[in-house]
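**Q** Return a 3D structure for these sequence lines:
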Amino acid sequence: MYWEPDKECMDREELEQLQLERLQSTLNRVYAHVPFYRKKFDTLGISPEEIGSLSDLSRLPFTTKEDVRGNYPYGLFAVPLREVVRIHASSGTTETSSVVGYTRNDIAMWSKLVARILVAGGVTKDDVVQVSFRYGLFTGGFGLHYGAERLGASVIPASSGNTARQIQIMKDFKTTALVSTPSYAMLVADTIREIGIPVSALSLKYGLFGGEPWSEKMRQEIQDALGIVATDNYGLSEVIGPGVSGECLERNGLHINEDHFLVEVIDPKTLQPVPPGRTGELVITTLTKEAFPMVRYRTRDLTSLREGDCPCGRTGRRMSRLAGRTDEMLIIRGMKVSPAKIESLLFEIEGNEPDYRIVIDRKGAMDEVTVLVEASGDAPFGEERRHIGTTVETIRKRLTHELGVTVDVKLVEKKALETVDGKPMRVIDHRKL
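**A** Below is the predicted model:
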């Protein structure tokens, strides 16, 4: 089952010719309209006309998240703001966000790509799709919403939270497809058991999950608990949002929409390409984005490219499910959380740099984050603990507000956080992802 069979099953030679034509068009556009790229190309002595084959892609400079933030808010836009009909941004309220824009054509293209992913995962125009991603600046909710509408499905914009209410909606509205993070799907399953509603009372058939890494074991648990077929999908705000790739019902790798994205997998240390099957960092070049084109964007996500054909008939290359990240960024309940951000907030609140540790657990279905902060005063710990309550609560509220995820904060005795080879252990992640 396909949304655009002529595009999804295109002959490889024809596809690569289309990729080259679209790459050359993109490079000419960014050189002409984005000073950042023009300066980068000129510094390397490269002109867009010199890129005559896909193998020349490696001559082009990388783009990083720091580049995006350094050009905040509109420095990387390739069209005038009057042509931008939608603006999204990555999470984060005090640190500089990654701001991305969409023209009317971008929105139409985005909805088509997400429709491809939904159809690959089993969804049809006859389904009722409940979108349980957050709506707002985050791209996930709106991207999947518009894709499901483009498909012709009935869309319930449930957003996130209020799980009992969401389950009631599923039951009453006869939801057939749940779209969320996998951890939220597990919470839904656990809550259904607690409430005592039999899964047979629901109409769920499919689950399309993304936004965070998850294991095959977790997939099986979700499928068994909800009685659905669960598929993975991938996207990121800087490139487009959801719609970059997604699993078909074979569930053997995520099909990349290669007519719109040129992908590479590189060794994050040498920055050289790695062969198919070997894990490396995913790098993406957009081929059709008008407002916010990206050239060789380093996603920091670890994956590998799969060899061989898929029985579904799609000819686009497949990527493996994410195996982690090359940076220190943590994915908590679908949100990107930076340990460095937590450190800077602690310094801002405390006026010094307290020793701290971030501990992540998965209890039941949801991730739980605890920040352990060492007492810094000279008073006995018991006495300091009695007087520090207000400060701990201030830290907890500030971290929760700024990071977008609930954070618990606990005070521990001075020198209680052990080191390894004299180095502090800043993050302990107990999740088995």
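
**Q** Going by C-alpha atoms from here, please, whenever you check contacts or count neighbours.
**A** Will do.

**Q** Sketch out the low-pLDDT regions of this protein for me.
**A** Scanning the chain for pLDDT under 70 picks out 91-95, 328, 340, 350-354, 376-390, 419-424, 432-433.

**Q** Helices of that one, start to end?
**A** Secondary structure of the chain (DSSP state H): helices at 5-8, 12-33, 35-44, 65-70, 104-120, 139-151, 163-173, 182-195, 216-226, 339-350, 381-387, 389-403.

**Q** Please name whichever of these is nearest to residue 286.
**A** helix 12-33 (7.8 Å; Cα to Cα).

**Q** for that closest one, packing partners?
**A** helix 35-44 (3 or more Cα pairs under 8 Å, 6 or more residues apart in numbering; DSSP states H and E).

**Q** which strand residues sit across from the closest residue to residue 233 other than its chain neighbours in the sheet?
**A** Spatial nearest neighbour of residue 233, chain neighbours left out: residue 246 (3.9 Å); criterion: Cα to Cα, 6 or more residues apart in numbering. Note on residue 246: beta-bridge partners by DSSP bridges are residue 233, residue 255.

**Q** picking up where we left off before, any chance of a markdown table for the helices of the chain, columns mean neighbour count and distance to residue 80?
**A** Shown next, in a markdown table, are the helices of the chain (neighbours: other Cα atoms under 10 Å; distance: least, Cα to Cα, whole Å):
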| stretch | mean neighbour count | distance to residue 80 |
| --- | --- | --- |
| helix 5-8 | 14 | 30 |
| helix 12-33 | 17 | 9 |
| helix 35-44 | 15 | 13 |
| helix 65-70 | 16 | 17 |
| helix 104-120 | 23 | 13 |
| helix 139-151 | 24 | 21 |
| helix 163-173 | 16 | 40 |
| helix 182-195 | 19 | 38 |
| helix 216-226 | 17 | 43 |
| helix 339-350 | 15 | 32 |
| helix 381-387 | 13 | 55 |
| helix 389-403 | 16 | 31 |
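
**Q** Please identify which of the ones you listed is closest to residue 97.
**A** helix 65-70 (6.2 Å).

**Q** Dump the helices of the chain into a markdown table; add distance to residue 82 as well.
**A** Formatted as a markdown table, the helices of the chain follow (distance: least, Cα to Cα, whole Å):
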| stretch | distance to residue 82 |
| --- | --- |
| helix 5-8 | 31 |
| helix 12-33 | 15 |
| helix 35-44 | 18 |
| helix 65-70 | 20 |
| helix 104-120 | 11 |
| helix 139-151 | 21 |
| helix 163-173 | 38 |
| helix 182-195 | 37 |
| helix 216-226 | 43 |
| helix 339-350 | 34 |
| helix 381-387 | 54 |
| helix 389-403 | 31 |
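
**Q** Out of these, flag the one nearest residue 235.
**A** helix 139-151 (8.5 Å).

**Q** Who are the packing partners of the closest one?
**A** helix 104-120, strand 128-131, strand 154-156, strand 241-247.

**Q** Mind doing that once more with 10 Å?
**A** If you count contacts as 3 or more Cα pairs under 10 Å, 6 or more residues apart in numbering; DSSP states H and E, helix 139-151 packs onto strand 86-89, helix 104-120, strand 128-131, strand 154-156, strand 177-180, strand 229-236, strand 241-247.

**Q** Would you format those as a markdown table with distance to residue 55 included?
**A** Compiled in a markdown table, the helices and strands packed on helix 139-151 are given as follows (distance: least, Cα to Cα, whole Å):
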| stretch | distance to residue 55 |
| --- | --- |
| strand 86-89 | 32 |
| helix 104-120 | 26 |
| strand 128-131 | 39 |
| strand 154-156 | 42 |
| strand 177-180 | 37 |
| strand 229-236 | 24 |
| strand 241-247 | 21 |
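
**Q** Residue 347 is nearest to which of the ones you listed?
**A** Nearest to residue 347, of all the helices and strands packed on helix 139-151, is strand 86-89, at 25.6 Å by Cα to Cα.

**Q** gap between stretch 22-40 and the chain center?
**A** 26 Å (Cα atoms, centre = their mean, to the nearest Å).

**Q** ditto for stretch 51-58
**A** 28 Å.

**Q** Compute the first-to-last residue distance for stretch 2-11.
**A** By Cα to Cα, to the nearest Å, the extent of stretch 2-11 from end to end equals 15 Å.

**Q** which other residues reach that stretch?
**A** The contact list for stretch 2-11, computed with Cα atoms under 10 Å, 6 or more residues apart in numbering, reads 15-16, 112-122, 124, 151, 248, 255-259, 312-316.

**Q** Please repeat the previous calculation with a cut-off of 6 Å.
**A** For stretch 2-11, contacts defined as Cα atoms under 6 Å, 6 or more residues apart in numbering pick out 116, 314, 315.

**Q** And stretch 119-129, by the same measure?
**A** 151, 152, 153, 154, 155, 175, 176, 177, 248, 249.

**Q** Count the neighbours of the residue nearest to the second one when sequence neighbours are not counted for me.
**A** Translated: residue 152. Leaving aside its chain neighbours, residue 152 sits nearest to residue 125 (4.5 Å; criterion: Cα to Cα, 6+ apart). Neighbourhood size, residue 125 [other Cα atoms under 10 Å]: 14.
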